[in-house]
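# Sharing a model that was predicted from the sequence below.
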Amino acid sequence: MKKVLSIAGSDCSGGAGIQADLKTFSAHGVFGMSVIVSVVAENTSRVIDIQDITPDMIEKQIDAVFEDIEVDAIKIGMLSTKPCMEAVAKKMEEYKPKNIVIDPVMYAKNGCSLMDDNSIETLLKVVLPYADLLTPNIPEAEKISNIKISNKEDMKIAAKIIYEMGCKNVLIKGGYYIENALDVLYDGKEHYYFETKRIDTKNTHGTGCTFSSAIASNLALGMTMPTAIKQAKEYITTAIEHSLDIGKGNGPTNHFYDLYKNGLDVSEDK
Ligand SMILES: Nc1ncnc2c1ncn2[C@@H]1O[C@H](COP(=O)(O)OP(=O)(O)OP(=O)(O)O)[C@@H](O)[C@H]1O
Ligand SMILES: Cc1ncc(CO)c(N)n1
């Protein structure tokens, strides 16, 4: 069985972060592992507080995984401060794992900050070079590239600027902000486009986490980058289409649709 590691924050309400990652890994038939970087007291409406795990403990968790288990792909999510970023980067340098997908998480869907604003320099200089794929959404891509993004052309330009910063591939996710759910991949040579209809729902908590974990799973399973993204786009679209009205804010994606489509009834209130 392929083995995939998530290095990210914990969302106690289960829709985003490590919890979304592990559900996505299971749905892809890969063995999921987790290194917790921050514990976030959050739900579908708000972030109450964040407690970072010490850099030493982050490093020890990564050591515990790598001294014992071969890792086929990694998804890196929320890294809230410089010391967390430096600890993770140090271990990426040491273990040189393959298939690293980095989701540069800055804000939750409800606008709450998940990354200290002064850490962006460190994210770009110290963490970004380890990315086989970086997956910013539009606000994140604007911050990283320093340009305003309003359409497909802007996405293409921003993707090139971000690529030049040292990641091997960049995928800008237009989903929430551009008219159709258009994502643009740049691999240093060509642009690729992944487009679906925008689904009209407020239940998009954890979509970015789910998407990057689906891509990491597909890379672990041996797919090329464009195929891994194409398949993950289908997965996230179905997961949003059948998203769950759980909580009072932005509900979570649904990782189990395929299960109950095939006869297992896990619908509301059962
Ligand atoms: N309403 C929607 N309809 C269809 N696809 C969507 C919708 N919202 C997002 N997507 C798609 O979902 C994927 C995840 O992108 P999104 O932009 O939501 O990530 P994100 O903003 O990083 O999420 P998060 O809040 O979890 O950090 C992308 O492929 C995006 O195009
Ligand atoms: C822990 C965590 N990571 C990422 C996100 C972004 O969706 C979130 N809300 N919480």
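Here it is on my side, so go on. Residues are numbered from 1 along each chain as shown. Ligands and ions are numbered 1, 2, ... in the order given.

# contacts for the longest helix anywhere in the chain?
Ordering each helix of the chain by length in residues (DSSP state H) puts helix 225-241 first. Outside helix 225-241, the residues that touch it by CB atoms under 8 Å, 6 or more residues apart in numbering are 24, 27-28, 132-133, 169, 171, 181, 183, 185, 187, 192, 194, 196, 199, 201, 203-204, 207, 210-211, 214-215, 217-219, 223, 253-255, 257-258. Backbone N, C-alpha and C define where each C-beta goes, glycine included.

# quick one: that helix to chain centroid distance?
In terms of CA atoms, centre = their mean, to the nearest Å, the centre of helix 225-241 is found 13 Å from the chain centre.

# related to what we said a few turns ago, please indicate which of the contacts of helix 225-241 are buried?
Among these, those buried by neighbour count (16 or more other CB atoms under 10 Å) are 24, 27-28, 132-133, 169, 171, 181, 183, 185, 187, 192, 194, 196, 203-204, 207, 210-211, 214-215, 217-219, 223, 253-255, 257.

# now, which of the residues you listed lie close to ligand 1?
181, 183, 196, 204, 207, 211 (CB under 6 Å from any ligand atom).

# anything in whichever strand or helix holds the last one near ligand 2?
Element membership for Phe211 (DSSP states H and E) is helix 207-220. Yes. Where contact is defined by CB under 6 Å from any ligand atom, part of helix 207-220 touches ligand 2, namely 208-209.

# any idea of the mean pLDDT in that helix?
The predicted model gives helix 207-220 an average pLDDT of 98.

# Taking helix 225-241 as reference, get the angle to that helix.
Orientation check (axes from the mean of the first three to the mean of the last three CA atoms, to 10 degrees): helix 207-220 against helix 225-241 gives 140 degrees.

# quick one, phi/psi of the closest residue in space to Asn137 that isn't next to it in sequence?
Leaving aside its sequence neighbours, Asn137 sits nearest to Lys173 (CB to CB, 6 or more residues apart in numbering; 4.7 Å). Per-residue torsions, Lys173: phi -100, psi 110 (degrees, to the nearest 10).

# sec struct for Tyr192, please.
Three-state assignment for Tyr192 (DSSP: H, G, I helix; E, B strand; the rest coil): strand.

# wait, doesn't it sit right on Val184?
Yes. Judged on CB atoms under 8 Å, Tyr192 makes contact with Val184 at a distance of 7.5 Å.

# residues touching Asp187, list them.
Neighbours of Asp187 in contact, by CB under 8 Å, 6+ apart: 163, 168-169, 225.

# coming back round to it: closest one to Gly17 out of the ones next to ligand 1 among the buried ones among the contacts of helix 225-241, please.
Among those, Thr207 lies closest to Gly17 (CB to CB), at 12.3 Å.

# What count of nearby residues applies to Leu182?
Other residues lying near Leu182 total 19 when counted by other CB atoms under 10 Å.

# Just the buried residues of stretch 118-135, please?
Buried-residue list, stretch 118-135, by 16+ other CB under 10 Å: 119-120, 122-124, 126-135.

# which of those residues sit farthest apart?
Maximum pairwise distance among the buried residues of stretch 118-135 (CB to CB): 21.6 Å, between Ser119 and Asp132.

# Let me know how buried the closest residue to Asn118 other than its chain neighbours is, in neighbour terms.
Setting aside the residues directly before and after it, Asn118 is nearest to Lys82 in space (CB to CB, 6+ apart), at 7.5 Å. By other CB under 10 Å, 17 other residues sit near Lys82.

# for the one 5 residues further on, same thing?
Neighbours of Ala87 under the rule other CB under 10 Å: 24.

# Tell me, how many residues neighbour Lys197?
Neighbourhood size, Lys197 [other CB under 10 Å]: 10.

# Roughly how far does it sit from ligand 2?
In this view, Lys197 and ligand 2 are 22 Å apart by CB to the nearest ligand atom, to the nearest Å.

# same deal with Pro83?
Distance of Pro83 to ligand 2, given as CB to the nearest ligand atom: 17 Å.

# now for the host helix or strand of that residue, which elements pack on it?
Assigned by DSSP H and E, Pro83 belongs to helix 82-95. Helices and strands touching helix 82-95, by 3 or more CB pairs under 8 Å, 6 or more residues apart in numbering; DSSP states H and E, are strand 31-42, helix 55-66, helix 120-122.

# All good on my end, thank you.
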